[in-house]
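Asker: Dropping the sequence and predicted coords here.
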Amino acid sequence: MQDENKKETLTRDIIKKEVRYQSIREVAMAIVLPFLILFLILILKLLDSDLVTSGAISSDKFGLTVIIILLSILFLIFVFVVVKNSNIIFSVQKDKYQIVKDRLINLQSGSGNIPSTSVTFYRPYRLYFSIKKRKYNIPSGKNYRWSKDFCMYDYNVFNSSTVGDEFYLIIINNKVIYAYNSKFFELRE
């Protein structure tokens with residue numbers, strides 16, 4: 001059992017590494033997603049499934065047009081994600097971000113229905129903070145990977161948070177890009 005008062009040290013270098021990792025992860029998902037869909041289309045084509053025989057995916061001009069439009073949309077999503085995450089990485093590397101301590105005022109758990117601008121659209125956990133009613137979508141998967149004691153999945157971050165907890169918020173352009181619960185982490189400048 002962990003010591004309840006034990007905290008890990010959070011530094012600007014750790015924050016930079018964490019943000020860079022999360023951004024690269026989202027870009028990787030944006031790269032993989034179009035290939036997965038293209039692979040699925042090819043599998044459907046090879047299997048001559050009901051989708052193919054019904055004309056939804058076919059070798060005629062309409063089917064080809066649908067595939068091109070779909071891949072174009074995925075490419076635009078990819079460009080958006082790369083630009084967004086490049087800006088985040090650039091801002092963090094150039095220390096153009098704020099670290100603000102704020103109090104958690106609400107938590108929201110959904111079934112994947114919380115809107116997200118991320119490629120990994122599944123973000124079922126959201127935290128709300130008091131100053132400027134800021135909100136934070138907890139990234140899916142493992143969070144705080146660098147931490148020996150507090151590396152945890154999104155649902156663990158959510159379940160270990162209670163209204164009234166103080167968090168260190170990493171903010172770029174008035175948007176919370178990462179949040180660290182002060183009951184686990186202590187900021188050292």
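Answerer: Arrived safely.
Asker: Quick one: mean pLDDT for stretch 18-28?
Answerer: The pLDDT scores in stretch 18-28 average 79.
Asker: Please apply the same query to stretch 107-121.
Answerer: Stretch 107-121 comes out at a mean pLDDT of 57.
Asker: what's the residue closest to the geometric middle of this protein?
Answerer: Central residue of the chain (CA atoms, centre = their mean): residue 139, 4.1 Å from the mean position.
Asker: residue contacts, the nearest residue to that one once chain neighbours are set aside?
Answerer: Distances taken as CB to CB, 6 or more residues apart in numbering put residue 22 closest to residue 139, at 5.8 Å, once the chain neighbours are dropped. In this view, the C-beta of every residue, glycine as well, is placed from N, C-alpha and C. Applying CB atoms under 8 Å, 6 or more residues apart in numbering to residue 22 gives the contacts 139, 177, 178.
Asker: for the first one, helix, strand, or coil?
Answerer: What it means is residue 139. Classification of residue 139 using DSSP: H, G, I helix; E, B strand; the rest coil returns coil.
Asker: my guess is it contacts residue 152, does it?
Answerer: No - Residue 139 lies out of contact with residue 152 (CB atoms under 8 Å); the separation is 11.5 Å.
Asker: Where does pLDDT dip in this structure?
Answerer: 1-4, 42, 44-64, 111-123 (pLDDT under 70).
Asker: now with 50?
Answerer: Across the chain, the ranges flagged by pLDDT under 50 are 1-2, 52, 112-121.
Asker: biggest strand in it by residues?
Answerer: Secondary structure of the chain read by DSSP state E shows that its longest strand is strand 98-109.
Asker: Grab the longest helix from this protein for me.
Answerer: With secondary structure taken from DSSP state H, the chain has its longest helix at helix 12-47.
Asker: Buried by neighbour count: which residues of it qualify?
Answerer: 14-16, 18-19, 22-23, 25-27, 29-30, 33-34, 41, 45 (16 or more other CB atoms under 10 Å).
Asker: residue contacts, residue 36?
Answerer: By CB under 8 Å, 6+ apart, residue 36 has no neighbours at all.
Asker: Repeat that for residue 144.
Answerer: When contacts are counted by CB under 8 Å, 6+ apart, residue 144 touches 18, 150, 151, 152, 157, 180, 184, 185.
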